[in-house]
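[1] Requesting a structural model of the entry that follows:
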Amino acid sequence: MLSAVMSDLGILMNRHSTLVSYLEEILLSICGRVGEAGGNVFTGSLSSVGIDTPPEDPNTWRTASTDIPAIMGIFPPNVLPEEITSGRDDRIRALIVIGANPLRSYADTSAYERAFKKLDLLVVVDVALSETAAMADYVLPGRTAYESYDANLWGFNYPDIFFQLRRPVVRPAAETRESGWIMTDLAERMGLLPDIPDSLHLAAQEDRSRFARELEQYVKANPEARSKLPFVLARTLGPVLGSIHLASLWGMIWSATPRIKEAMARVGFSEGEDQVDRVYGAILDHPEGIWLGRLNPEKKRDYVSHDDGRIHLYSQELVDWLNSVTPEAEAEALKPDPDFPMVLVAGWHNDYNANTSMRDPVWNQGRRVGCLAVHPRDAAELGLADGESGRLTTRAGSATVEVEISNFTRLGMVIMPQGFGLDFDGQSVGINVNLLTHAGHRDRIAGTPYHRRVPCRLEKTSG
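    Here you go, the predicted structure:
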C-alpha cells in the first residue's frame, strides 16, 4: 500500500494547525510511511532546513513578551508587533528587513504600522520602494534575482538530490550589492568577524584545494569561527570568485555532512580532496542543474538526527493540547458570533496574483482582480449583485470590496486574494487583505495566523 501526505494552507493556517500537523506525523510514523518509497521520505539538501531548537532546552531562545520558542531556529513574524510595543526594556528596538514586505505580507497591517513607528531603527534591503521601505530610516540597494546568484537549497526529490544555481543574466544596476555582501559588511562594522590570517587570503587567491586545507586547519584552531564561516568565506574566497554568494555555495559543499558527501559519491563525485571542487565545477558548468547526489534507501535511519535512529514523537505540550480538544470545547469555540457570522478565507491562490512581488498593476490590465468571492445564496440574502461594493468587517478592521459572485466558495464563506493593495506611482489596486487579519488570531505554539478562518461580516454599502 502506498500513502503520502502533503499538508497545505487549509491546515497550516487554520485552527489547531500545529496539533493537526503533529497528528499527521504520528499517523505516518506508526503506519510505517516515513522514509519509505511511496510515502513521506527524508530528502537530502546542501543546507539544513533549520537548526535544532527544542522548546524544552533552556538554551533555546524564547520571545521576551509572547514567550514563543524558536522553532528550528526561527521565530514567527506574527508576534513581532507585540515584541516591539511591549514596553519592556528588552523589547525589539531595531529591525533589518531583507527582500520582504511585512506591511503587506504579514497578518495585521495596522499593528505592524503602529509597531514600526516605535522602532529606533528600521533598515530595509530591497529592489523596490515597498510599503515597508517607505517607513525605513535607511533603504539599502539590493539586487534583483536577474542580477545575482541564487539557489533553492531545499529540494524534495528522493532518493536523488537535485541542485540548480540561478545566475545573473543582466548587469547589476549601479551601487547595488548582493544581500550577502551587505550583511557581511554590516557584520564587519559591528565587530562580528573573526580574525582571518593572511595565509587564508593567499590560499584563496592561489588554489581552492590548498584553500580547503588551510580552511580546515583554521577551523580546527579556531572552533568558534565555524559559526561565522559565511563571513570568512565572503572575505577570502568572495573577492576571488567575484561573488559572496558563489563563495557561500562553495562553503556549503565543503561543509556538507558526511552523509551528503557519500550521496555525492553515489552519482560519480567520488570522495577525496578534490570532491568539493568537482561538485562545485559541475554546478557552474550546468546552468540547467545537476543531480548532486543519491541517498541510500537502505539506510534511511541514518537521516534521522537522533543517535538512536528513532523518530521522537512525544511532546507533553501537544498531548495537553490534544486532551483539551473535546466535542464540548469545539462546540463552544465554533459557536457563530452574531457580530461576525461569516468566515473569510484570507488568501486565494489564482493566476493573477503573486503575493507582493508584482507591484505594477499593468500586469492585470483588463482583468477584474482583488475581488471578494461570495456564494450566490449569500449574495442574494445580502442584496448584493456581481460587481457591486460590499463592506467587509473583521476584528482587525473594515474595507470596501468589489463582490464577485462565485460557486467556488461555500455558503457562509467569502474568499479574498492576497498580494493586493500595493502602492505604485500613487495608484493602488485591490484590497490589502492583511488589513482584515488580526495578529492575535493565531496558533498557540507556532504563532501561525488563522488566515483560513477569519470571522467576518459582509454588508451591502449604501448606494
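[2] Where does the prediction get shaky in this protein?
    In the predicted model, the chain carries pLDDT under 70 at residues 1-3, 463.
[3] Please point out which parts of the helix or strand harbouring residue 240 sit buried.
    Using DSSP states H and E, residue 240 maps to helix 229-241. Neighbour counts over helix 229-241 (16 or more other Cβ atoms under 10 Å) mark 229-238, 241 as buried. From N, CA and C alone the C-beta is placed, and that goes for glycine too.
[4] wait, which of these is closest to residue 382?
    Taking Cβ to Cβ as the measure, residue 382 lies nearest residue 230 of the buried residues of helix 229-241, at 55.2 Å.
[5] Could you give the number of residues near the residue lying closest to residue 77 once chain neighbours are set aside?
    Spatially, and ignoring its direct neighbours in sequence, residue 77 is nearest to residue 106 (5.0 Å; Cβ to Cβ, 6 or more residues apart in numbering). By the criterion of other Cβ atoms under 10 Å, residue 106 has 21 neighbours.
[6] what's residue 408 in contact with, if anything?
    373, 415 (Cβ atoms under 8 Å, 6 or more residues apart in numbering).
[7] Wait, a helix at it?
    No. Counting by DSSP: H, G, I helix; E, B strand; the rest coil, one finds residue 408 to be coil, located in no helix.
[8] where's residue 291, which helix or strand?
    Per DSSP H and E, residue 291 falls inside strand 290-294.
[9] Dump the C-alpha coordinates for that strand into CSV.
    Written as CSV, here are the backbone C-alpha positions of strand 290-294 (Å, rounded to 0.1, in the frame of the first residue of the first chain):
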residue,chain,number,x,y,z
ILE,A,290,22.7,18.7,-11.8
TRP,A,291,21.9,15.6,-9.8
LEU,A,292,24.0,16.4,-6.9
GLY,A,293,23.8,13.1,-5.0
ARG,A,294,21.7,10.0,-4.2
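[10] mind checking how far whichever helix or strand comes after that strand is from the chain centre?
    Sequence order places helix 316-324 as the next helix or strand after strand 290-294, per DSSP H and E. Relative to its chain's centre, helix 316-324 lies at 27 Å (Cα atoms, centre = their mean, to the nearest Å).
[11] Tell me which residues of helix 316-324 come out buried.
    318, 321.
[12] Stretch 425-434 too?
    429-434.
[13] got the end-to-end distance for it?
    Stretch 425-434 has an end-to-end distance of 21 Å (Cα to Cα, to the nearest Å).
[14] quick revisit: just the buried residues of stretch 425-434 now: which is nearest residue 184?
    The nearest member of the buried residues of stretch 425-434 to residue 184, counting by Cβ to Cβ, is residue 434 at 32.3 Å.
[15] backbone phi and psi for residue 159, please?
    phi -80, psi -10 (degrees, to the nearest 10).
[16] can you map out the strands along the stretch 351-463 of the chain?
    Secondary structure of the stretch 351-463 of the chain (DSSP state E, counting those that start in this stretch): strands located at 372-374, 389-393, 398-405, 413-416, 422-424, 427-429, 454-460.
[17] same for the third one, what does it pack against?
    In other words, strand 398-405. The helices and strands touching strand 398-405, judged by 3 or more Cβ pairs under 8 Å, 6 or more residues apart in numbering; DSSP states H and E, are strand 372-374, helix 376-382, strand 389-393.
[18] so how far is that strand off the chain centroid?
    29 Å.
[19] Please spell out which residues along that strand are buried.
    Neighbour-count burial for strand 398-405 [16+ other Cβ under 10 Å]: 399, 401-405.
[20] just the fourth one next, same as before
    With burial defined by 16+ other Cβ under 10 Å, the residues of strand 413-416 counted as buried are 413-416.
[21] likewise the second one?
    For strand 389-393, the buried set under the neighbour-count rule, 16+ other Cβ under 10 Å, comprises 390, 392-393.
[22] With only the CA atoms kept, save stretch 157-176 in CSV.
    The C-alpha coordinates for stretch 157-176 follow below in CSV (Å, rounded to 0.1, in the frame of the first residue of the first chain):
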residue,chain,number,x,y,z
ASN,A,157,13.4,14.8,-4.7
TYR,A,158,14.1,11.3,-3.5
PRO,A,159,16.3,9.4,-3.5
ASP,A,160,18.3,11.7,-5.9
ILE,A,161,19.2,15.2,-4.9
PHE,A,162,18.8,17.9,-7.5
PHE,A,163,20.5,21.3,-7.3
GLN,A,164,20.4,24.3,-9.6
LEU,A,165,22.3,27.6,-9.4
ARG,A,166,20.5,30.5,-10.8
ARG,A,167,22.9,33.0,-12.2
PRO,A,168,22.8,36.7,-13.1
VAL,A,169,21.5,37.4,-16.7
VAL,A,170,21.8,41.2,-16.7
ARG,A,171,24.5,43.6,-15.5
PRO,A,172,23.7,44.8,-11.9
ALA,A,173,22.4,48.4,-11.6
ALA,A,174,24.9,50.9,-10.2
GLU,A,175,25.5,50.8,-6.4
THR,A,176,23.5,47.6,-5.9
